[in-house]
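In: just the structure for this:
(2 chains)
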Amino acid sequence: MKFVLRPVKDTPQGFYLLLGVFSALLALGLGAVGYIEHYGHIVTGMNNQIVWGLPHVFAVFLVVAASGALNIASMSSVFGKTEFKPLAPLSALLAIALLMGGLMVLMLDLGRPDRLIVAMTHFNFKSIFAMNIFLYSGFVGFVVAYLWTMMERRMNRFTPLAGFMAFIWRMALTTGTGSIFGFLVARQAYDSALLAPLFIALSLSYGLAVFIWVLMLVSRGSARALGDVLMARLARLQVIFIAAGFYFVLVYHLTNMYFTKHHEFERFILLDGGIYTAMFWLGQVVLGTVLPLVLLLAPGIGALRSRIAASAGLVILGGFAQMYVTIIGGQAFGLVLFPGYQVSSSFFDGVTASYSPSLPELLLGLGGLAVVGLIVMLALRVMGFLPERMDDAALEMAPAPPSPAVA
Amino acid sequence: MNNDRTSPRSEPATKAPSRRGFLGVAAAGMAGILLAPGVRLIEIAQAAPTTVGASSKVRWGMLIDSGKCASGCTDCVTACNTENGLSGGKLPTDSQWIRKIEIKEVRTGKTQSLPMMCQHCAEPPCVDVCPTGASFKRADGIVLVDKHICIGCRYCVMACPYKARSFVHEPLSNQKTDVPRGMGTVEGCTMCVHKVDKGERPACVTACSDAGHGAILFGDLNNPESEISKRVASYPSRQIREDLNLNTGVRYSGI
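Out: You can find the predicted model right below:
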C-alpha cells in the first residue's frame, strides 16, 4: 500500500478556535497549580482520608488511555492488519500526547512539584511508582522510535520491531499503572493482581474511544473523508474492548463478593456508597458500558457514525466515572483495622471519608486534557502524521467480517 | 557572592590589568567576608558531635496495654502535639500523628480504648511504595520520612494499613527545631526519635505514665533483659493487622 503523510494545512477557523480553547484551559490549569502550590493542598478537596483526588482521576484516565491509543498502530505493526498502517502515526502521536497530559497532571499535583529532579535522581526500586517513571519514559522513547521508523523511509524496515517493542512496553506500562493500586496491600478496594489486567482491558477501550473522537475531528478539520468500512471496523473493535473491560470488572466484584472480608466494601460500592454507588451503576455500568454497547450493536437507532461518536463519548464519560469510583471510592471506604468491631476516633476511623472536588483540581485536570489537545493539534499542523486520504479505497480497507455493528 | 565570581570574567579583555587585579583582590576579600561566618558555623555545628548512628542491635518498640488505657483520656495525644509542634486540630486536613481509637465488638458490645500511631513495622508498606526512598526505616526500627526528598506523592498514605501518615496541607509556622516538618510533604509519628536518641522516652509514653495509667511501655525489643521483651515473652500480645505479617514494633495487649 502506498500512502503519503501530510501536515494539515488550510485549517478551518474552528481549528484556531479549539486551539484557543485549549490554550485558555492550559493557562487556567497552570494558574490553579500556582494557587495550590502557594496555599497548599488545603485549597483542594483532598484531605488526609482522600489523599488522591480529582487530579488523579484525570491523570490515571489519561495514562491508561495513552496505552490504548496505540491500539491502531499495534494492529498494523504487530497484528499484521496493514490497512491500518496509514493511521498508525496518528495513533502513536495521540499515545504520546495522552501520556504527557496525564503525567503533567500527576506531577503538578505533587505536594512538592519543584522536587521533580529528586524523583528523577532518587529511586527506590521496590516502589512500583519508581518503576513507573521508567515505564513512562520508556514508552515515550519506544513510541518516538516507532514513529521515526514509520516516517523516515530508510528506517521503514525497522517498523515491525519498533512497533513490537512499543506494544510490549504499553502492556508493561498499563500493568504498572494498575499495579499502583494492585500493590496496596492494606486497602479493601485494591490489593489485587486483577487490577493490572483490568487496567489493560480498560486501556484498550478508553484509548480506542479517544482515538475515534480525534480521528473524526481530524477528518472534519482536514477535509479527509473517513470510509464506512473503516468506521465499521473501529465500531466492532470498540464492542470487543468494552466487553473485555466489563468482564474484568465483573470478575473483580464477583471475587470480592465471594470473600466475606470484602463484603462490606462490595456493599459500599454496589449498594449504599451514595455518590460512589451512583457513579458505579449510572456512570460506569449504564453510561460507560450498556449504552455504548446498545448504540454500537443496534443498527436501527441511527446512522453508524453518529452511533460511533456517541458511544465513544460515553465510553470516555464512563471511564472517568470508573476512575472516580476506583480511586476516590476506594479511599472513601475506610481502612479496616479491627474486623468485627465498630471503630471511632478523631481521625475519621470507621466512617466513610468525605470528599468534594474543588475548582482548582478540576482546572488542573482540564489543563491535562488541554495539553493533549495542543500537542495533537500542533503536531498535525506542522508535521505529516496524517495520510492524504483516509477513505476505504485509499486504505485498501477490506470489508469487516459480518457483525451487527456493520449494519 | 554571585558578583565576585562573575565580575572579573565579564570584564572585556582590553581593560587594564591593574583594574582586573583590584577586582580579583576585592573578590577574594568578599569571598573571605562571606565565607568566614559559614566556616564559623560549621565549627559550631561540629562542636557538638552527634552520637553514633542508629544501631541494628536495637529494635525500639512499644507495648500498649489497652486494659490500662482509659477511655476519654487523650494525654498521649496532647503530649505528642506539644512535643512535635502539631496544631491538635481535628479537621480532615489536619495532621494527627497519634489518635485514640474506641473500639466496640459488634457481637458482645465490649468496648476498649487504645492509642493508634505509626506501628514502626519491620517490613513497612510505606517504605516499599515510596518512589524516592524518602520513607525509610532506621537501623533501630524507627520508620521516618526524609523531608528533603519527600516529593509529596502521598503513595505512603495510601499504603499504610494504620492510617498513620498525614500530609501537610497548609503552610506551617512556629515549628520545633527538633522536629522538621514542611508543607507538601508527608509526616507521621517519629517515636520521638529526637528524644530517644538522647536516651529519653517518647512524649506519649511519659505522658501516659505521668497520668498514672502507664499503659505504654517503651523499650528495646531486641534486648531480652528489657522489660518490654520480658513482657512480650511472657504475656499474650498482638499486632494490629497481624495478617499482613509486617512485624510491627508497636504491640498491643488486652485486645
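In: who does B:Val143 bridge with?
Out: B:Lys137 (DSSP bridges).
In: quick check: the gap between it and B:Thr190.
Out: 8 Å (CB to CB, to the nearest Å). C-beta coordinates here come from the backbone N, C-alpha and C atoms, glycine included.
In: shared neighbours, those two?
Out: By CB atoms under 8 Å, 6 or more residues apart in numbering or on different chains, B:Val143 and B:Thr190 have these common neighbours: B:Cys118.
In: quick one: average pLDDT of the helix or strand in which A:Gly178 is found?
Out: Assigned by DSSP states H and E, A:Gly178 belongs to helix A:159-182. Averaging pLDDT along helix A:159-182 gives 95.
In: show me what the helix or strand just after that helix is packed up against.
Out: Going down the chain from helix A:159-182, the next helix or strand is helix A:195-222, by DSSP H and E. Packed against helix A:195-222 by the contact rule (3 or more CB pairs under 8 Å, 6 or more residues apart in numbering or on different chains; DSSP states H and E) you find helix A:54-69, helix A:71-77, helix A:88-108, helix A:159-182, helix A:228-258, helix A:304-323, helix A:359-382.
In: phi, psi of A:Arg389?
Out: phi -130, psi 140 (degrees, to the nearest 10).
In: follow-up on the earlier one: next, the angle from the helix holding A:Gly178 to helix A:54-69.
Out: 150 degrees (axes from the mean of the first three to the mean of the last three CA atoms, to 10 degrees).
In: export helix A:159-182 as PDB, just CAs?
Out: The C-alpha coordinates for helix A:159-182 follow below in PDB (Å, rounded to 0.1, in the frame of the first residue of the first chain):
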ATOM      1  CA  THR A 159       9.000  -0.500  11.900                       C
ATOM      2  CA  PRO A 160       7.800  -4.100  12.800                       C
ATOM      3  CA  LEU A 161      10.500  -4.300  15.500                       C
ATOM      4  CA  ALA A 162       9.800  -0.800  16.900                       C
ATOM      5  CA  GLY A 163       6.100  -1.400  16.800                       C
ATOM      6  CA  PHE A 164       6.500  -4.700  18.600                       C
ATOM      7  CA  MET A 165       8.700  -3.100  21.300                       C
ATOM      8  CA  ALA A 166       6.200  -0.300  21.800                       C
ATOM      9  CA  PHE A 167       3.400  -2.900  22.100                       C
ATOM     10  CA  ILE A 168       5.300  -4.900  24.700                       C
ATOM     11  CA  TRP A 169       6.100  -1.600  26.600                       C
ATOM     12  CA  ARG A 170       2.500  -0.400  26.600                       C
ATOM     13  CA  MET A 171       1.500  -3.700  28.200                       C
ATOM     14  CA  ALA A 172       4.100  -3.200  30.800                       C
ATOM     15  CA  LEU A 173       3.100   0.400  31.300                       C
ATOM     16  CA  THR A 174      -0.500  -0.400  32.000                       C
ATOM     17  CA  THR A 175       0.400  -3.300  34.200                       C
ATOM     18  CA  GLY A 176       2.400  -0.800  36.100                       C
ATOM     19  CA  THR A 177      -0.500   1.700  36.300                       C
ATOM     20  CA  GLY A 178      -2.900  -1.000  37.500                       C
ATOM     21  CA  SER A 179      -0.300  -2.200  40.000                       C
ATOM     22  CA  ILE A 180       0.000   1.200  41.600                       C
ATOM     23  CA  PHE A 181      -3.400   0.200  43.100                       C
ATOM     24  CA  GLY A 182      -2.900  -3.500  42.900                       C
END
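In: just the buried positions in it, please.
Out: Under the neighbour-count criterion of 16 or more other CB atoms under 10 Å in any protein chain shown, helix A:159-182 has A:159, A:162-163, A:165-167, A:169-182 buried.
In: who does it touch, helix- and strand-wise?
Out: Helix A:159-182 packs on helix A:54-69, helix A:71-77, helix A:88-108, helix A:128-151, helix A:195-222, going by 3+ CB pairs under 8 Å, 6+ apart.
In: most tightly surrounded among the ones you listed?
Out: Greatest average neighbour count among the helices and strands packed on helix A:159-182 goes to helix A:54-69 (a mean of 28), per mean count of other CB atoms under 10 Å in any protein chain shown.
In: and chain B, is that one touching that?
Out: No: shown here: helix A:54-69 not in contact with chain B (CB under 8 Å from any CB of the partner chain), separated by at least 9.4 Å.
In: for chain B, what helix or strand is lowest in average pLDDT?
Out: helix B:2-10 (a mean of 42; mean pLDDT, DSSP states H and E).
In: give me the domain ranges for chain B.
Out: B:2-47, B:60-253 (automatic domain parsing).
In: turn those into JSON lines, columns for mean neighbour count.
Out: JSON lines is the format used below for the domains of chain B (neighbours: other CB atoms under 10 Å in any protein chain shown):
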{"stretch": "domain B:2-47", "mean neighbour count": "11"}
{"stretch": "domain B:60-253", "mean neighbour count": "19"}
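In: nearest to A:Pro357, of those domains?
Out: domain B:60-253 (14.1 Å; CB to CB).
In: check which residues of whichever helix or strand A:Gly34 is part of are buried.
Out: If you go by DSSP H and E, A:Gly34 is part of helix A:13-39. Under the neighbour-count criterion of 16+ other CB under 10 Å, helix A:13-39 has A:15, A:18-19, A:22, A:25-26, A:28-30, A:32-33, A:36-37 buried.
In: repeat for stretch A:107-124
Out: Residues of stretch A:107-124 classed as buried: A:107-113, A:115, A:118-119, A:122-124 (neighbour count, 16+ other CB under 10 Å).
In: check contacts around the closest residue to A:Gln238 other than its chain neighbours.
Out: Spatial nearest neighbour of A:Gln238, chain neighbours left out: A:Leu208 (5.5 Å); criterion: CB to CB, 6 or more residues apart in numbering or on different chains. Counting by CB under 8 Å, 6+ apart, A:Leu208 touches A:Gly68, A:Ala69, A:Asn71, A:Ile72, A:Leu234, A:Leu237, A:Gln238, A:Phe241, A:Ala312, A:Val315.
In: chain B: which of those residues is nearest?
Out: Nearest to chain B among those is A:Gly68, at 23.9 Å by CB to the nearest CB.
In: ok, A:Leu296 to A:Val214 distance?
Out: A:Leu296 is 18 Å from A:Val214, by CB to CB.
In: on that earlier part again, right, so of the helices and strands packed on helix A:195-222, which gets closest to B:Val232?
Out: Once these are compared by CB to CB, helix A:159-182 is nearest, at 34.1 Å.
In: how about the helices in the stretch 151-255 of chain B?
Out: B:155-159, B:193-196, B:203-210, B:227-234 (DSSP state H, counting those that start in this stretch).
In: any chance of the ones you listed in CSV, with distance to A:Tyr276 and mean pLDDT too?
Out: Formatted as CSV, the helices of the stretch 151-255 of chain B follow (distance: least, CB to CB, whole Å; pLDDT from 0 to 100):
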stretch, distance to A:Tyr276, mean pLDDT
helix B:155-159, 17, 97
helix B:193-196, 39, 96
helix B:203-210, 36, 98
helix B:227-234, 41, 96
